[in-house]
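Peer 1: Next come a sequence and a model predicted from it.
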Amino acid sequence: MRQMQKLAHWFIPHHQTHEKAKLLSWHFLFIYFLLFALLRVGFDLVNIYRPGVLGTTSSITAERIVEGTNIEREKAGLPPVKISPALSRAATEKAANMFAENYWAHYSPSGKDPWGFIKAAGYKFSHAGENLAKNFSASDDVVVAWMNSPTHKENILNPNYQEIGIAVEDGVLQGQTTTLVVQMFGKPVESVALAPPEVPLVPKSQSLSVAGYSISNNSLSSQPVLDPFAVTKNAGLIMIIALSILLMADFIILRRRGVFRFSSHHFAHLSFMAIAGTSLLLNKAGEIL
Amino acid sequence: MKNLSFKNTKTLWPLFILTPVLLAVVISNQNSLDIQFKILQVAALIYLIFTTLYHLKDKTLTFEILIEYILLAALALVII
């Protein structure tokens, strides 16, 4: 009986002292904090010392991205964009360069810009734009994410663009196995030969921000062992739900016992947990640029 | 018991009022992880300020209670 009471005290207030459940004590909160901090640091260390072990796998196809892009253009009453082999070459070169120089940005650390790749592929343009995506698992999610971003949406729905080039490349970027999607738009210069000259449109989606990088990695075809995003999200959700259940149980049991205990406020905790849990639940893998 | 436990709940009203507001902001910015994280940082700050004020007014602020709030806020931030 005593053993059972001891065991129950891990989850509910003590039957005599009404002390908070052990799993809700600040000692355990500290342990949970340390475990999650270690998980984060561990993933970073694996990315540095064992690049390619962590990451995501995907079923993204260039055809589906083009299809999704044209569906969105059609919805907006715009003509579809046609696949340009030169733009696709430029996109592939851009993706290869991103893996080689290990960066996540529109501009490479060595100063290469998107327009340089397009020109190098032999594509003469009057207008051109670039959208990037990584860590997504499905083609439709990539298009949806771009459409949810005003600047990327502007590129997809730009009436000036007539052609498209897509590269979907697997490799190791900043230590993680990922699928990189490079979408390039263009309007060939021949088609505006009679039109007054226009200044090439530089998409607002361009960014000079370069995420932290250290080691250069060329693309690999190996499958990642673990998806750090999914692990952190699932473990975090389990933790938040478990703590919320324990807090509610603590509150209900104390009320039933008719006991008042000087302790932290249950509803304050639960309010904050609701915000943290919702935020975590809405988190999606994948980044766009 | 009722009087004791809810004596100074008024201090926590802003926290309870702000919770649905912050939830709505989180949901409306579900496509931006950066904004979500910033909202959570603001929420953590509000949570710490109002709960500390609550216990100060209640004269029940102890090291254990304070560390509990800080650890819970830190835990949420490290999870996200």
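Peer 2: Perfect, I can see it now.
Peer 1: Run a quick neighbour tally on residue 65.
Peer 2: Let's take chain A. For A:Ile65, the neighbour count with other CB atoms under 10 Å in any protein chain shown is 24. (C-beta placed from N, C-alpha, C; glycine too.)
Peer 1: that's the wrong chain, I wanted chain B
Peer 2: So B:Ile65, with other CB under 10 Å, has 20 neighbours.
Peer 1: pLDDT (mean, whole number) over whatever helix or strand it lives in?
Peer 2: Using DSSP states H and E, B:Ile65 sits within helix B:63-79. Averaged across helix B:63-79, pLDDT comes to 93.
Peer 1: Identify the residues contacting it?
Peer 2: A:26, A:29-30, A:32-33, A:36-37, A:40, A:232, A:235-236, A:239-240, A:243, A:262-264, A:268-269, A:272-273, A:276, A:280, B:37, B:40-41, B:44, B:47-48, B:51-52, B:55 (CB atoms under 8 Å, 6 or more residues apart in numbering or on different chains).
Peer 1: Just the buried ones among the residues you listed, please.
Peer 2: Among those, the ones that count as buried by 16 or more other CB atoms under 10 Å in any protein chain shown are A:26, A:29-30, A:32-33, A:36, A:232, A:236, A:239-240, A:243, A:263-264, A:268-269, A:272-273, A:276, A:280, B:40, B:44, B:47-48, B:51-52, B:55.
Peer 1: ok, the spatially most central residue of chain B - contacts?
Peer 2: In chain B, the C-alpha nearest the mean C-alpha coordinate belongs to B:Tyr47, at 1.9 Å (CA atoms, centre = their mean). When contacts are counted by CB under 8 Å, 6+ apart, B:Tyr47 touches A:268, A:271-272, B:15, B:69, B:73.
Peer 1: For the helix holding B:Ile65, which residues meet the burial criterion?
Peer 2: Buried residues in helix B:63-79 (16+ other CB under 10 Å): B:65-66, B:68-79.
Peer 1: same deal with stretch A:111-123?
Peer 2: Of all the residues in stretch A:111-123, those buried under the rule 16+ other CB under 10 Å are A:112, A:114-118, A:121, A:123.
Peer 1: for those, which one is nearest chain B?
Peer 2: A:Pro114 (22.7 Å; CB to the nearest CB).
Peer 1: Let me see the contact set for that closest one.
Peer 2: A:94, A:106-107, A:128, A:130, A:184, A:206.
Peer 1: And the pLDDT for it?
Peer 2: A:Pro114 is given a pLDDT of 87.
Peer 1: what's the answer for A:Ala211, then?
Peer 2: For A:Ala211, the pLDDT comes out at 28.
Peer 1: ditto for A:Asp170
Peer 2: With respect to pLDDT, A:Asp170 has a value of 87.
Peer 1: Checking the nearest residue in space to it that is not next to it in sequence next. Helix, strand or coil?
Peer 2: Of all residues beyond its chain neighbours, the one nearest A:Asp170 is A:Thr179 (5.3 Å), with distances taken as CB to CB, 6 or more residues apart in numbering or on different chains. Following DSSP: H, G, I helix; E, B strand; the rest coil, A:Thr179 is assigned to strand.
Peer 1: neighbours of A:Thr179, just the number please.
Peer 2: Residues near A:Thr179, counting by other CB under 10 Å: 23.
Peer 1: How about B:Leu45?
Peer 2: 11.
Peer 1: go on, the one 5 residues further on?
Peer 2: Around B:Phe50 sit 21 other residues, with neighbours defined as other CB under 10 Å.
Peer 1: Could you list which residues are in contact with it?
Peer 2: B:Phe50 makes contact with A:268, B:11-12, B:14-15, according to CB under 8 Å, 6+ apart.
Peer 1: residue ranges of the strands in chain A, please?
Peer 2: A:54-55, A:82-83, A:125-134, A:163-173, A:176-188, A:287-288 (DSSP state E).
Peer 1: JSON lines for these, including distance to A:Met1?
Peer 2: Shown next, in JSON lines, are the strands of chain A (distance: least, CB to CB, whole Å):
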{"stretch": "strand A:54-55", "distance to A:Met1": "47"}
{"stretch": "strand A:82-83", "distance to A:Met1": "74"}
{"stretch": "strand A:125-134", "distance to A:Met1": "57"}
{"stretch": "strand A:163-173", "distance to A:Met1": "57"}
{"stretch": "strand A:176-188", "distance to A:Met1": "52"}
{"stretch": "strand A:287-288", "distance to A:Met1": "55"}
